[in-house]
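Engineer: Need a 3D model of the following:
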Amino acid sequence: MRLAAPLLACAIVPLSGGCIAKTALDVATAPVRVASKAVDLATTSQSEADEKRGRELRKREERVGKLERRYAQEMDRCDAGDETACAGARATYAEIQAILPTIPVEPTD
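Structural biologist: Purely as a prediction, here's the structure:
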């Protein structure tokens, strides 16, 4: 019985060496991994920036499309003599004019 305990301890030591080395490696590399993860989260890649810009551009184009449809409806009612529609059409036109400079012109080939 007394002989079994030291033999068991001797048999376990080589097996646990890899675990200790791996743990030491994990502890040593943890700050580097945390720092690189923080940098990845803090910076925006070029493709992410392009996607964001594209989404914003599509939203502005969508907004201008809705405003143009509303403007056409208000102008129809204004032509029919509705003064409030005329005032609405002027406000809608001003909003369209404010958004248009932020939308790039499509290149012509």
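
Engineer: Enumerate the positions of the strand or helix carrying Glu56 that are buried.
Structural biologist: Taking DSSP states H and E as the definition, one finds Glu56 inside helix 46-79. Buried positions in helix 46-79, judged by neighbour count with 16 or more other C-beta atoms under 10 Å: Val64, Leu67, Arg70, Tyr71, Glu74, Met75, Cys78. For every residue, glycine as well, the C-beta is placed using N, CA and C.

Engineer: Off-centre distance for that helix?
Structural biologist: 21 Å (C-alpha atoms, centre = their mean, to the nearest Å).

Engineer: Beyond that helix, next helix or strand please.
Structural biologist: Per DSSP H and E, helix 46-79 leads on to helix 83-99 as the next helix or strand towards the C-terminus.

Engineer: avg pLDDT for that following helix?
Structural biologist: In this model, helix 83-99 has a mean pLDDT of 96.

Engineer: Adjust the sequence numbering to begin at 36 for everything that follows.
Structural biologist: Shifting the count to begin at 36 puts that one at helix 118-134.

Engineer: in stretch 137-144, what's buried?
Structural biologist: For stretch 137-144, using 16+ other C-beta under 10 Å, no residue counts as buried.
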